[in-house]
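>>> Need coordinates for the following:
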Amino acid sequence: MWRINFSGKTILLPLDSEKIWLEWDSAVSIIGHDIDVKETYRHLIESTDKPDLFIDIGGNYGTHSLLFLVHGVATITFEPNSLCNHFFRLLCDLNGLKPNLQSVALGERHGFVELSYPARDTWHGSTDTKVINGLAANHELLTESVEQKKLDDYLSSFSAKNMLIKIDTEGNELTVLKGAIETLKRFRPKVIFESCNAEDRIGLFDFFTLHDYQIGTLPLTSATSLGALGYDAFRVSTSSNFIAISK
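Take a look at the predicted model:
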């Protein structure tokens, strides 16, 4: 058993020889990967601006969700990959938590889409054709048909005053946002998102600008202001994680 402390709460993680590759990766990465994101989480959880709802889009093994669940923050986890969901439920059981896990992909329209991912590196799973083609060059991929919905389909279940959204969908971030326009209008959540491809940043910048958001770098802590990025600075930034905040 592995124990970590995150903002005063202990999180238990399994270490079992049968799945040591997965469990060791999870134990190390839960606060040791995407450190700029985790430091932002820590600040928000410890601040007067603590979220009352965390929406984890592209939850993978649920380690981001776990950080909020142990602090009593209502959390909705969206992850269509069936291989990931079993492990997330195991983590929740181990820590006495009840997940709200939605086993669907999110996008801008309803239907079914093909999710492809390497068998072990499931965090690279994507429904974006360009990303899938890139993965296929170096990995043998598994593919499954998954249901796709819009985040706005869940509006009636949201009652948050302070919502935080995290989007990590391997190149599909803009289509997720296009299916969340009413959520953004009504709740004005902070949005932490990944963007690794400069070509994709044109659409992301235009989308957030249109909806009166500004983009900043991470980590966001009590010692830093947003440091809003203009288009040129966003396009050439070497960071891969950003935050968008309502103006």
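>>> This protein: strands as residue ranges?
2-6, 9-13, 53-57, 74-78, 101-102, 105-106, 111-118, 141-149, 163-167, 190-194, 213-217, 241-246 (DSSP state E).
>>> which stretches of this structure have low pLDDT?
17, 120, 123, 223-225 (pLDDT under 70).
>>> ok so, going back, present the strands of the chain as TSV; the columns should include distance to residue 134 and mean neighbour count.
(Glycine included, C-beta is placed from N, CA and C.) Shown next, in TSV, are the strands of the chain (distance: least, Cβ to Cβ, whole Å; neighbours: other Cβ atoms under 10 Å):
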stretch	distance to residue 134	mean neighbour count
strand 2-6	33	13
strand 9-13	31	16
strand 53-57	21	26
strand 74-78	23	22
strand 101-102	27	21
strand 105-106	19	27
strand 111-118	11	17
strand 141-149	11	15
strand 163-167	19	24
strand 190-194	15	23
strand 213-217	24	20
strand 241-246	20	20
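>>> which one of the ones you listed lies closest to residue 202?
strand 213-217 (12.4 Å; Cβ to Cβ).
>>> re earlier: CSV please, covering the strands of the chain and showing distance to residue 42.
Converted to CSV, the strands of the chain look like this (distance: least, Cβ to Cβ, whole Å):
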stretch, distance to residue 42
strand 2-6, 7
strand 9-13, 11
strand 53-57, 13
strand 74-78, 16
strand 101-102, 24
strand 105-106, 26
strand 111-118, 29
strand 141-149, 31
strand 163-167, 13
strand 190-194, 13
strand 213-217, 16
strand 241-246, 14
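>>> Identify whichever of these lies nearest to residue 87.
strand 9-13 (10.5 Å).
>>> how far does that closest one sit from the chain's center?
Counting by Cα atoms, centre = their mean, to the nearest Å, strand 9-13 is centred 20 Å from the centre of its parent chain.
>>> Check stretch 88-105 too.
So, by Cα atoms, centre = their mean, the centroid of stretch 88-105 is 15 Å from its chain's centroid.
>>> what's the answer for stretch 219-234, then?
19 Å.
>>> now stretch 69-76
14 Å.
>>> What of stretch 132-148?
19 Å.
>>> Endpoints of it, how far apart?
Stretch 132-148 has an end-to-end distance of 17 Å (Cα to Cα, to the nearest Å).
>>> before we move on, back to that, nearest to residue 200 among the strands of the chain would be which one?
strand 190-194 (10.0 Å).
>>> Packing partners of the closest one?
helix 35-46, strand 163-167, helix 173-178, strand 241-246 (3 or more Cβ pairs under 8 Å, 6 or more residues apart in numbering; DSSP states H and E).
>>> Of all the ones you listed, which one is nearest residue 145?
Closest among the helices and strands packed on strand 190-194, once you apply Cβ to Cβ, is helix 173-178, at 17.3 Å.
>>> Tell me the helices and strands packed up against the closest one.
Using 3+ Cβ pairs under 8 Å, 6+ apart, helix 173-178 sits against strand 163-167, strand 190-194, helix 201-210.
>>> contact partners of that helix?
Here helix 173-178 makes contact (Cβ atoms under 8 Å, 6 or more residues apart in numbering) with 57, 106-108, 151, 167, 169, 184, 191, 193-195, 200, 203-204, 207.
>>> can I assume residue 109 is in contact with residue 179?
Yes. Using Cβ atoms under 8 Å, residue 109 is in contact with residue 179, at 7.2 Å.
>>> shared neighbours of those two, anything?
Joint contacts of residue 109 and residue 179 (Cβ under 8 Å, 6+ apart) are residue 150.
>>> higher neighbour count, those two?
residue 179 (19 against 11; other Cβ atoms under 10 Å).
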